[in-house]
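> sequence first, then the predicted structure:
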Amino acid sequence: MHTFATDTLVLFNALLAVYFVAGNGGYTMLMLSSLASVWIHKRRHTHEALQQLRESPVTPPVTIIMPAWNEQEIIVEAVRSALHTDYPGIQVAVVDDGSSDETLERLVAAFELTPANLIVRPVLNTRPLRELYISSAFPNLLVISKENGGKPDALNAGLNTCRTPYFCTLDADCILERDAILRLMRPIVSSPIHIAASGGMVRPLNGCTVVSGKVTKVNLPRNGLERFQVIEYLRTFLFGRTGWSRLAGTLIISGAFALFHRETVVEAGGFNRETVTEDMELVVRLRRWAVEHRRVLRTAFSSDPVCWVLCPNTLRMLGRQRRRWQLGLCQTLWKNRALFFDPDFGTFGWLSLPFHALIEGLGAVVESVGYMVIPLVAWLSPARLDFLLPLVLFSLAYSALISAAAVALEELTHRRYQGARQLATLLFYALIENFGYRQLLLLYRFAGMVRFLRGFHTWEKVVHVPPAEWVSAGARARP
Amino acid sequence: MSYGAPSMVVLSHSVADFIWGSATVLSVLVAVLAAFLFSRRIIQAIALRHSLKLGAQFGPCIEALLDGSANYETGLLQLRKHPGNARRAVVDQVALAEAHADPDRVATLRKLCTDLGLVAEWRRQLSRERSGGLIFHLTKRGLALIERIPSLSFVARAEAAERLGLVGDRPSWPLLARALNDPNLAVRSVAARALGRIHAPASFPMLMRKLEDAVLGGDRNVSLRSLKMTLASFPLTYLADLSTMLQHPHRRVRFLAADLAATMMQRSRDQVRPWYLPHDPLLDAIADIFLTGLITDQNPDVRARSADVIAHLDDDRAVSALLVLLEDGEWFVRLHATRALAECEFVPLEQLGGRLTDPNWRVREAAAQALSAQGQHGVRFLLSHFRTTNDRYSREQVAEHIERLGLIPSLVAAFGDPSAHAETRFIEGLVRLGRTASLRAALGNAPEYKRTEVLAELRKHSDLTSLGPLRSATASTGSPAVQTSREGRPHSVS
């Protein structure tokens, strides 16, 4: 029995080592692929190209679609930032998804909205609309009030009213940088191949100063939990998204901030509620649609269009967010399991999907079991600890290196965090991220996995606590 | 314990040692990375101070040269005294950053960059030529790291192309044209953009051929949009060069040429309405092609784009040509013709109003917009049409447009006035259609007497079933806008 247990542990150690090599090898590949790409992208793209986009009548018009549910504290600032976007002919459609708080009232008051019987010709099914609002002061703003149907439903309602060839999804708790949409459009205009979706960088807004819908000062948050998320976002976007984009294996374009080709999305069926991460599900479905209809289609990711988003600042909210993300990932991967290793899908099929399934999806289970095995090893076969402990330490050190490399890339390119103290703080948190925070996320991911296996499908709402100055702006906007 | 156990233990220890060693190396790497980042900051802070010092030293001189307030030769002599890297850095900082913002200074900037040798250097970078030997380049101070790595040299080529475009160096256009076939997409895009800034006369036909190749031959080197953006940025005088393509045997080429003409005119026109293409023998010849040939082109896309161009032709035949297109069999041709008529000065309202009952909703919508663009006469026509037509879709379209124009409050204010018959009938018609959202809000904000007057008048019509919700919504407290939304009324769809 003892020998059997020991042999099992030996086997597990070997599997863990293989998993470690595959996972960290993958991240290394993404990191190397991204390093030069982000640096060159930053160096290459100057103001001049944006100026041409701004002035040219060839630049396609865009509608920002902003779904909102119970966002009374921040909705006015978010819409204000969307309206002040530096993009020719921008349209903004806010979809109030049956809010039970004062979201709609604050919008009506802040933007002088009046109801109007506009003609809507729906191409996608949604929950019934209650009212449409327009504003004489903001003629490019449309507010749609509808019965609650969830974020995908709200996005589809926005799509039904969208008249521009491209639309940008934007969460109601986001602040868009003024030239963000111009930067999102740049790869679309310059690419000879049809780009159906273009994603940008999402950065944590926590700690930053916001005035009139604009980030005026970039600061690190004070809360350690939020600081860890800053590191995570840097790593995810500068390495993960950039790397996969270069390899044509993009699985996720963040729904908080993404530009899509309207006709392609409508033809593919719009957003659907089959998963709790409708953005990821759409990107995969677009690829399937392209292959099925023999169309050439690309997705793009750039690190310079920036959207600032509030991150969870409590463990409870963080848990909700991460459980949902893991649940959505598992749902999407399971739904599209037929695409795994399908040669028709290129890198996406044979590399990206399996990687996300094995490392991001199952990784929660493997790592969790790995941590549980250590005390077992210590009890059954202390000698094995000589191998296992260094492996774990090496893995954590390597992860710390990757996080530190992400901070380095940020420092070498965009450098939004200007102060030396901020850099030191980022490096410190990059190093300690894997000693506590990572394990915490593991718990949430594991819970998300369990939810998937149990067939859960609930959207856990993450409640954000906006900065104080936003609260006062929202209060001023009350009727 | 098995026979091979001692060797397994040794192997396990070796692996463990290796892993410990690797972990140590990683830790050292992280420390080195941190040290590198901080020292880089220090170096950059020093470089920034040096750069500011250079800027303070050279900046006023360059500014004075660009302004024309200093003697050019004297200023140039002063600049030449200092090292080339410093000069280049300051020109980049001071001058090129502002080039897009102040085109008037571009000519002087170009001359300055030429005399300082920068233009020649950029041309060399773009053509991938190098002066001096490899060792010279590897050791030459200030040479960017990227130029030393062949696979990254495209960055230098792209930057060179961009700078040549910013200074408007026309003689460089052949190099930029060649760069349209560069292996790297970034270089190709930048080269296209630079050609659009330079406007070298000989480059326009070359770009047109490139566009043609993209359409006919599937040449995917540069995106169609980039090419179109570049071509559209050329002055209107280049429209004359489109004549051959406008009469090309291939329908797609004709469409592209017509589309390009429309885009160039859209870009060039000013805010004053109406705007017309200036008269010029060559441009008049182009106008003739549109007025006599393209309006009957077999490709409906060409006919549609022709409408956009004809709208801005100062020609007696223009309106009649648009009226012909207004009756076209294809809806999108009618759509473009309708929109084009909105741009014209004298528009026959009756014919334009005929599109209010078009089978396609986009054309109906465009007709409503075009009529309202005619001012008071157009709005009165819309109100009159609303009253007289039996076409429900047309009435809904007009109602929507009147709402979008924000005219409901003024119509409510005029309600009941003996001289405001059309306005009164419109309000009644709106209620009859069940489109009371904006009316509720307008009544909610109107004085009590007006509310009473409107409701009393509307009550006389027994067929107005929407009166109930209207009455209750305006009678209750709170914002009528939000309150009725909470009732959960489904929105009408046509």
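All right, it came through fine.

> I'd say residue A:260 and residue A:197 touch.
Yes. In this structure, residue A:260 is within contact of residue A:197 by Cβ atoms under 8 Å, at 5.1 Å. Just so you know, the C-beta spots here come from the backbone N, C-alpha and C atoms, and that holds for glycine as well.

> so what's in contact with the two at the same time?
residue A:282 (Cβ atoms under 8 Å, 6 or more residues apart in numbering or on different chains).

> ok, these two, which is more surrounded?
Legend: neighbour count by other Cβ atoms under 10 Å in any protein chain shown for residue A:260 and residue A:197, higher for residue A:260 (31 against 26).

> for the more buried one, list each beta-bridge partner.
residue A:167, residue A:197 (DSSP bridges).

> which pLDDT value belongs to it?
Confidence at residue A:260, expressed as pLDDT, is 97.

> up against chain A, what does the stretch 101-250 of chain B have?
Proximity of the stretch 101-250 of chain B to chain A, by Cβ under 8 Å from any Cβ of the partner chain, involves residues B:146, B:152, B:155, B:158-159, B:162, B:165-166, B:185-186, B:189-190, B:193, B:196, B:214, B:220-226, B:228-229, B:232-233.

> please indicate which of these are buried?
Neighbour-count burial within those applies to B:146, B:152, B:155, B:158-159, B:162, B:165-166, B:185-186, B:189-190, B:193, B:196, B:214, B:221-226, B:228-229, B:232-233; the criterion is 16 or more other Cβ atoms under 10 Å in any protein chain shown.

> so which of the residues you listed belong to helices?
Taking DSSP state H as the definition of helices, these contribute B:146, B:155, B:158-159, B:162, B:165-166, B:185-186, B:189-190, B:193, B:196, B:214, B:224-226, B:228-229, B:232.

> just for chain B, where's the confidence low?
Along chain B, the model assigns pLDDT under 70 to residues B:1-13, B:83-87, B:93-103, B:129-152, B:270-273, B:462-494.

> now whatever residue of the stretch 251-400 of chain B ends up closest to chain A: which helix or strand?
At 4.5 Å from chain A, residue B:266 is the closest residue in the stretch 251-400 of chain B, using Cβ to the nearest Cβ. Applying DSSP states H and E as the criterion places residue B:266 in helix B:251-268.

> any idea which helix is longest in chain B?
In chain B, assigned by DSSP H, the helix with the most residues is helix B:5-67.

> please name every helix or strand in contact with that one.
Here helix B:5-67 touches helix A:385-412, helix A:420-432, helix B:72-80, helix B:84-90, helix B:106-115, going by 3 or more Cβ pairs under 8 Å, 6 or more residues apart in numbering or on different chains; DSSP states H and E.

> skipping adjacent residues, who's closest to residue A:240 in space?
Spatially, and ignoring its direct neighbours in sequence, residue A:240 is nearest to residue A:30 (6.0 Å; Cβ to Cβ, 6 or more residues apart in numbering or on different chains).

> and for the one you found, the neighbour number?
By the criterion of other Cβ under 10 Å, residue A:30 has 23 neighbours.

> before we move on, what about residue A:111?
21.

> contacts only, for it.
Per Cβ under 8 Å, 6+ apart, neighbours of residue A:111: A:79, A:135, A:137-138, A:141, A:143.

> repeat that for residue A:271.
Neighbour list for residue A:271: A:151-153, A:155-156, A:159, A:265, A:278, A:281-282 [criterion: Cβ under 8 Å, 6+ apart].

> pLDDT-wise, what's the bottom of those residues?
Least confident by pLDDT among these: that is residue A:278, with 89.

> how far away is the closest residue to that one other than its chain neighbours from chain B?
Nearest residue to residue A:278 in three dimensions, chain neighbours excluded: residue A:152, at 4.2 Å (Cβ to Cβ, 6+ apart). Computed as Cβ to the nearest Cβ, to the nearest Å, the residue A:152 to chain B distance reads 19 Å.

> quick one, phi psi at residue A:152?
The phi and psi values for residue A:152, taken as degrees, to the nearest 10, are phi -60, psi -40.

> do I have it right that it meets residue A:277?
No. Contact criterion Cβ under 8 Å: residue A:152 and residue A:277 do not qualify, at 9.9 Å.

> tell me the buried residues in stretch B:175-193?
By 16+ other Cβ under 10 Å, the buried positions in stretch B:175-193 come out as B:175-177, B:179-180, B:182, B:184-193.

> stretch A:56-73 too?
The neighbour-count check on stretch A:56-73 (16+ other Cβ under 10 Å) flags A:56-60, A:62-73 as buried.

> go on, stretch B:242-254?
Neighbour-count burial for stretch B:242-254 flags B:242, B:245-246, B:248, B:253-254 (criterion: 16+ other Cβ under 10 Å).

> ok, now which ones touch residue A:29?
residue A:243.

> the residue in the stretch 251-400 of chain A that chain B sits nearest to: what's it in contact with?
Among the residues of the stretch 251-400 of chain A, residue A:390 lies nearest to chain B; the distance is 3.7 Å by Cβ to the nearest Cβ. Going by Cβ under 8 Å, 6+ apart, residue A:390 touches B:16, B:19-20, B:23.

> how far away is it from residue B:310?
Counting by Cβ to Cβ, to the nearest Å, the gap from residue A:390 to residue B:310 is 78 Å.
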